[in-house]
Every structure is written in C-alpha cells, then in structure tokens.
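Asks: Build the 3D model from these lines:
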Amino acid sequence: MTLDKQEKWGRYRIRFIGFCFLVAFALISVRAFDIQVLKQEEWQKRAEKQHQKVIPLAPKRGTIYDVNGDEMALSVEVDSIYVDPRKVSDVDAESKALAAALSLPKSAVRAKLTSGKSFVWLKRRVAPRESEQVKALDLACVDFIKEHKRYYPNAEIGAQVIGFAGLDPEGLEGVELMYDSQILGQGGYLVTEKDALGRGMGLGEQQVQGQSQGYSVYLTLDKNLQYIAEKELDAGIRAVKGRAGAVVVLDPATGKVLAMASQPDYNPNAFSNYRPSQWRNRAICDTFEPGSTFKIFLLAAALNEGVIKPGQKIYCEKGSYKVGGKVIHDHKPYEKLSITEVLKYSSNIGAAKIGKALDFIDTSKSSDSEKRRGSTSPEKWWGWYATRRAGSKWIWPPSPSGRA
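Replies: Numbering: from 1, shown residues only. Sure, this is the predicted structure:
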C-alpha cells in the first residue's frame, strides 16, 4: 500500500470515528433532554424516594364550639417519641430507662431498640410528664415529633352529644362521628433522609409536610345550660334511685337544642374506662313511651282544628271509660274538666275523648317542630305514633294519654 493510500484510509477512519462520536453525543443529548426537561418531575420523584423516608402522621381535627364560642373539643399539640435503633449504645440500660419513663414493658422497648430499623415509633401522643422524663434522659437514639391529641376541656359536660375520637384519630361517637369527614382534616408526613441502603442519615433532617387542620363545628348547645341540666338530672335520678335518665332543653321560638343531658355519663378523655352503654346519647337513640307529655300535642292540634274551645268542658266519666274494647282510667275520678284542667290533671279520659273528636289527625307529622328540626346524631332512632286503618273504628292508641 502506497503512502497516499494509507493517508487516505487514515482520513476515512478519522471521519468515521468522528461521525460515531457525533451520533453518540447526539443520542446522549436527546436522552439528557428527555430526563432533565421532559421527564424532570418523574425522575425527581424517583430520586426523592431513594433518599427520603416518609412516615404518615395523624391529621389535626377541627375544634367543636358551643353556641357562645367556648371550646368543647379541641386538638392539642403533644410529643410523639421515636427512636433510631442504630444509635443505641447500651440496650439494657436504655431499655430500662425508657420503659420506666413511658410506663411500657421493658421487653417491648428492648424489642424496638434491637429491631435494626432506622425509624421505630416508641410511644405516640405521650403525656407532658412522660415527655419531660424522656428528654431528661438525653439519649442519642431518641427524638420527638409534634402530633395532635383530642382533648375535651369540660370533661363530662356534653359528652354524649360531642362523642369522642380515637387515636387514628377518627370520630367514634356523637358529633365527632357525625361530622368526621369535615372535622378530620388532612394528614401530614414526617420526612427523614436515608442513604442508598435505606439507613437513616440523621434525625436532624426531619420535616413535616402536607398537614392541614379540619373544619370547626359550632353547636347550639350552651355549655352553662348543659352543666345545669346534667347536674339537675343527676340529682333527680339519685332522688328517685333511678338507673338512667335524659333531659332535653329547647328554645321554644326556634327549636334549637340548648342542652341535651344523659345519665350515667362518662369522661371522653378516658372513654375506654367506661362501658359502651355510658357513651350512648339516651335522649336520641333510646325509644320510650312519650306518656302524658304527648297530650300537649293532642290539645294543640284539637284547638288548631277547632274541634274544641278553650272554655269547653269535657265529661270525664268519673274515672272509668270504655273505648276501643278497653277500659281506661284516670288516677282520680273526675266529672267535668275544662280543656286547661284536662292538661293540668293529665286526664286520660279527657284526652281520649278529644282524640276521638279530632278523628286521629296525626299531630306528630304536622307539627312545626318536627318539620324544622332534624337530628345530628348518628344513631338511628324512630318515634312510634298512633295510626288508623281506613274505614275502621277508633283504635286505642298510645298517643292521647300515653298509657295502654
């Protein structure tokens, strides 16, 4: 091969190699543009997943207020404690100290300190006293994060109405359950750094992201009236040696519930120490015979329909009256009673005659109070009222007198 041919072949090789480098550079540039520009977000998320560890945190629930704006339920900041087992220097000594400070079994604490993980919850939402005791130990493996714990500042006052939330912290009873989706809020995340092997890179890099508070709820309850109703109800039950009771206080102009008390009560701050029967709002979820309290609806409907007059007298049969195949009685024999006296003396016979004259207008369905008011309690409840079959004679109902 001549020198000219060698030089010519050499130039071809150089050009070919240069072309290959050019093609390779172009491909690398296109790939780099795709990763860094077109798919930047996707690859950034992948990178974050590789060097960040995300631990979900409970959301902060909204506050529940009474009609005057006083707090009935709120979320307070408390410490949650976690450990990095890789930083434990003396397993036995540190397990013993932490178990004593947090009132936990030593074996359970030891198992967490020897788990080999980079992040382990030791105890969540601890009491301030426990938090201070752990901080005093000054252990390198321990750190703290702020979480929210549900707190009921008035203890038993309004407990059955407000209900309570668990540690999740989802609502489990009462208003807390009924409006859980609105009160709950958005849960956050504790983000910590980790290396390629998934090991923590230091507890000082923690940050909380994505947390937002839930909506607040304003009740028509008046805390002061609620307190009075509960104390009077408790005194009344003790006086008659009863087992349970309920009281509802309404605003007669609007139908708003100003107080709703049930006994026996409980403290929602320690609801697990009580029986489920004590959590129940008896004024809402218990059915019972309305008794003579229903006479007022009967008389209101009769006056409204004009079947009786305020000064009218009702003959009460001297205490015994047969109707619908049954004999009903008054607690005392009466002859003629005015409409006011029928209500005053709670005459069953007078109420029965008014009910017959009224021809069974269903006062329970036509009353304004029922049309306007609804229940915000999650419990299912039903009222039982008198009914009449088409073409039938008067059938004995519980509604006029409340007694069968």
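Asks: Helix or strand: which one has Gly10?
Replies: Counting by DSSP states H and E, the secondary-structure element that holds Gly10 is helix 3-33.
Asks: now the stretch 101-250 of the chain, which segments are flagged as low pLDDT?
Replies: 188-211 (pLDDT under 70).
Asks: next one: the helix or strand that contains Ala352 to chain centre, how far?
Replies: Taking DSSP H and E as the criterion, Ala352 maps to helix 348-358. Per CA atoms, centre = their mean, to the nearest Å, the displacement of helix 348-358 from the mean C-alpha position of its chain is 45 Å.
Asks: repeat for stretch 220-230
Replies: For stretch 220-230 - counting by CA atoms, centre = their mean - the centre lies 20 Å from the chain centre.
Asks: buried set for that stretch?
Replies: Buried residues in stretch 220-230, defined by neighbour count with 16 or more other CB atoms under 10 Å: Thr220, Leu221, Asp222, Lys223, Leu225, Gln226, Tyr227, Ala229, Glu230. C-betas here are computed from N, CA, C, even on glycine.
Asks: Please apply the same query to stretch 106-123.
Replies: Taking 16+ other CB under 10 Å as the basis for neighbour counts, the residues of stretch 106-123 that come out buried are Val109, Arg110, Lys112, Leu113, Ser118, Phe119, Val120, Leu122, Lys123.
Asks: Report whether Ala261 is found in a strand, as I expect.
Replies: Yes. Counting by DSSP: H, G, I helix; E, B strand; the rest coil, one finds Ala261 located in a strand.
Asks: Surely it and Ile284 touch.
Replies: No. Under the criterion of CB atoms under 8 Å, Ala261 is not in contact with Ile284, lying 11.7 Å apart.
Asks: More neighbours: which of these two?
Replies: For the pair Ala261 and Ile284, the greater number of neighbours falls to Ala261 (29 against 21), based on other CB atoms under 10 Å.
Asks: Confirm His148 sits in a strand?
Replies: Yes. Counting by three-state DSSP, His148 is found in a strand.
Asks: Any idea what it is bridged to?
Replies: When bridges are assigned using DSSP bridges, the partners listed for His148 are Glu77.
Asks: what's near enough to touch it?
Replies: Listed by CB atoms under 8 Å, 6 or more residues apart in numbering, the contact set of His148 reads Ala58, Pro59, Lys60, Arg61, Ser75, Val76, Glu77, Val78, Arg125, Pro169.
Asks: Check the third one and give its pLDDT.
Replies: What the model reports for Lys60 is a pLDDT of 85.
Asks: residue boundaries of the strands in the protein?
Replies: For the chain, applying DSSP state E gives strands covering 52-56, 64-65, 71-83, 120-123, 142-151, 189-193, 207-209, 217-218, 245-250, 257-263, 313-315, 320-323, 326-329, 336-338.
Asks: Pick the most buried one from these.
Replies: When neighbours are counted by mean count of other CB atoms under 10 Å, the highest per-stretch mean among these falls to strand 257-263, a mean of 24.
Asks: So what touches that strand?
Replies: 67, 158, 160-161, 220-222, 225-226, 228-230, 233-234, 237, 244-251, 280-284.
Asks: what about the stretch 301-404 of the chain, any weak spots by pLDDT?
Replies: Flagging of the stretch 301-404 of the chain using pLDDT under 70 yields the residue ranges 359-404.
Asks: any idea where the helices of it begin and end?
Replies: Secondary structure of the stretch 301-404 of the chain by DSSP state H, counting those that start in this stretch: the helices cover 339-344, 348-358, 363-366, 368-372.
Asks: Show me which residues of the second one are buried.
Replies: The reference is to helix 348-358. For helix 348-358, the buried set under the neighbour-count rule, 16+ other CB under 10 Å, comprises Asn348, Ile349, Gly350, Ala351, Ala352, Lys353, Ile354, Gly355, Leu358.
Asks: Can you spell out the domain ranges of the chain, please?
Replies: Domains of the chain are assigned by automatic domain parsing as 223-283, 287-404.
Asks: Save those domains as JSON lines, and put in distance to Phe33 too.
Replies: Formatted as JSON lines, the entries for these read as follows, by distance: least, CB to CB, whole Å:
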{"stretch": "domain 223-283", "distance to Phe33": "59"}
{"stretch": "domain 287-404", "distance to Phe33": "56"}
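Asks: Let me know which of these is the nearest to Ala26.
Replies: Put simply, out of the domains of the chain the one that sits nearest Ala26 is domain 287-404, at 65.9 Å, with distance taken as CB to CB.
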